[in-house]
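Engineer: sequence first, then the predicted structure:
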Amino acid sequence: MRHPCLPLLRLLLPFIACAWLSPAFAQPAYTLVFGPENSSPGAIDAAGRIVGQAGGRAFLWDGGAVIDLGTLGGSASSASGISGNGFITGAADRTDGSSHAFFYDGAPGALGDIGQLGVASSGAGVNRAGQVAGTWVDAAGENHAFLYSGGVARDIGNVGADSARATGINDAGDVVGSSFLAGFTAFQAFLYRDGVMRSLGTLGGPSSWAAGINDGGQVAGTSFIDDETLRAFLYGEGGLRDIGSFGGASTEARGLNNAGWVVGYSTYADDVPGIDFSSAFVYRDGALVDLNLVVERPGVWSILDAYGINDAGQIAATACTEFGDCRAVRLDPIPPVPEPGPGALMLSGLALGGICARLRRRIRRRWPGVAPAG
């Protein structure tokens, strides 16, 4: 005679199996929110607002409305950094045709010109205190890193040659970027802290650069591992760590959050020599994840690059179609479905055992001469 609990066991097996699955195996998942047409993202803040450039102008987008941030009197502008409390920086044209770094504190039409050094400048990152890290250009066209604080912009130096670019800043005022070494033989990622700039080194190749720094002091960036191959890195107490790739020649980091999750893009190797196919990634929990494999989106769109991630896990990225339509998008995490733990598994087992016992008693009462199997 077939065991009376067999159908119930088959029904409960998927739930019992799920209870044993470790959360570490759960892939992240995202929904896609489309930004303005012909736009590119620069950064994302704690509330999920994205800044960048659309139609040649700096914009602020909250997932719905798009705000044109204006210029410094000229025709074009671009936003590249936004703090957790909504301060924005970037570069904007002036009436004389030059481009200067700006600071925006949220007041309508109030871009503040902070281009007090050289002939041109651009802001890259801004923190909650209103400090801006960026790059100014001298009359000879050479780049220099600056820190704007307390209403004054000042050059923060270099690590060997008089050429450097700042790309990020955290709430403590630590600045990261890249600087040429003496003799201009190579350039390397730097960390500027407490008035001192130092090189972070490389992953074995000649050059590296930093993209951003979080409030814990972790730095995301990119380094050559030989003369041709690029790898994204995460810098922490143990130095630079290669975070992997999709198999191609280039993996670049664009930004990170306070949990140490990194975003950027990586290429896939292809059978055709010299041709790589790229996809945006998020690096979290020790794994590099292709965002195109975990986002719910119309099939014609591909997520090519990711530029920023906030502490809620929202990602600012670029999505394109094969027809050349590209725009800024926001990837919003889909909350995971709660998985039953050991307690749920125990309750399932007890429930199954109780049901089976009742079935056995009914069978004995109805057919006294028949003993159920098991």
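Structural biologist: Everything's here; your move.

Engineer: list the beta-bridge partners for the nearest residue to Val295 once chain neighbours are set aside.
Structural biologist: For Val295, ignoring the flanking residues on the chain, the nearest one in space by C-beta to C-beta, 6 or more residues apart in numbering is Tyr30 at 4.5 Å. (Glycine included, C-beta is placed from N, CA and C.) Under DSSP bridges, the beta-bridge partners of Tyr30 are Val295, Pro333.

Engineer: just checking, Tyr30 touches Asp290?
Structural biologist: No: taking contacts as C-beta atoms under 8 Å, Tyr30 lies outside contact range of Asp290: 11.8 Å.

Engineer: show me where pLDDT drops low in the stretch 101-250 of the chain?
Structural biologist: 108-109 (pLDDT under 70).

Engineer: ok, 90 please
Structural biologist: 106-110, 115-116, 237-238 (pLDDT under 90).

Engineer: quick one: the helices in the stretch 201-350 of the chain?
Structural biologist: Using DSSP state H, counting those that start in this stretch, the helices of the stretch 201-350 of the chain run over 342-366.

Engineer: oh, that last question was meant for the stretch 1-150 of the chain, not what I typed.
Structural biologist: Taking DSSP H, counting those that start in this stretch as the criterion, the stretch 1-150 of the chain carries its helices at 6-20.

Engineer: so Tyr30 and Asp290 - more neighbours on which side?
Structural biologist: A count of neighbours by other C-beta atoms under 10 Å puts Tyr30 above the other of Tyr30 and Asp290, at 22 against 15.

Engineer: chain center to stretch 67-74: distance?
Structural biologist: From the chain centre to the centre of stretch 67-74 is a distance of 27 Å (C-alpha atoms, centre = their mean, to the nearest Å).

Engineer: kindly report the same for stretch 281-296.
Structural biologist: The answer for stretch 281-296 is 10 Å, by C-alpha atoms, centre = their mean.

Engineer: quick check: mean pLDDT across that stretch?
Structural biologist: For stretch 281-296, mean pLDDT is 95.

Engineer: now do the same end-to-end measure for it.
Structural biologist: The first and final residues of stretch 281-296 sit 15 Å from each other (C-alpha to C-alpha, to the nearest Å).

Engineer: what's the answer for stretch 62-78, then?
Structural biologist: Start-to-end, stretch 62-78 (C-alpha to C-alpha) is 17 Å.

Engineer: residue closest to the middle of the protein?
Structural biologist: Val263 (3.2 Å; C-alpha atoms, centre = their mean).

Engineer: quick one: residues in contact with stretch 192-205.
Structural biologist: The contact list for stretch 192-205 (C-beta atoms under 8 Å, 6 or more residues apart in numbering) reads 145, 147, 156-159, 164, 166, 172, 174-177, 179, 181, 188-191, 208, 210, 219, 221, 223-227, 229, 231, 233, 235, 239-240, 242.

Engineer: now those: which count as buried?
Structural biologist: Buried subset of the contacts of stretch 192-205 (neighbour count, 16 or more other C-beta atoms under 10 Å): 145, 147, 156, 158-159, 164, 166, 174-177, 179, 181, 188-191, 208, 210, 219, 221, 223-225, 229, 231, 233, 235, 240.

Engineer: quick one on the thing from earlier: so which of the contacts of stretch 192-205 are in strands?
Structural biologist: 145, 147, 164, 166, 175-177, 179, 188-191, 208, 210, 219, 221, 223-224, 231, 233, 235, 239-240, 242 (DSSP state E).

Engineer: just the pLDDT for the residue nearest to the centre of the chain.
Structural biologist: 98.

Engineer: wait, isn't it in contact with Gly308?
Structural biologist: Yes: between Val263 and Gly308 a contact is recorded at 6.7 Å, counting by C-beta under 8 Å.

Engineer: now the common contact residues for those two.
Structural biologist: Common neighbours of Val263 and Gly308 (C-beta under 8 Å, 6+ apart) are Arg254, Gly255, Ile315.

Engineer: so who does the second one touch?
Structural biologist: Taking C-beta under 8 Å, 6+ apart as the contact definition, Gly255 lies against Ala43, Gly168, Ala211, Gly212, Ala220, Val262, Val263, Gly264, Ala306, Tyr307, Gly308, Ile309.

Engineer: for Leu203, which non-adjacent residue is closest in space?
Structural biologist: Leu203 sits nearest to Ser223 (C-beta to C-beta, 6+ apart), 4.1 Å away.

Engineer: do the same with Arg49
Structural biologist: Per C-beta to C-beta, 6+ apart, closest to Arg49 is Asp62, 4.8 Å.

Engineer: can you pull the contacts of that neighbour?
Structural biologist: Applying C-beta under 8 Å, 6+ apart to Asp62 gives the contacts Ala47, Gly48, Arg49.

Engineer: any idea how far it lies from Thr318?
Structural biologist: The spacing between Asp62 and Thr318, counted by C-beta to C-beta, to the nearest Å, is 18 Å.

Engineer: out of the contacts of Gly255, who's nearest Gly73?
Structural biologist: Ala43 (24.0 Å; C-beta to C-beta).

Engineer: count the residues that sit near that closest one.
Structural biologist: 28.

Engineer: what of Arg254?
Structural biologist: Neighbour number of Arg254 under other C-beta under 10 Å is 27.
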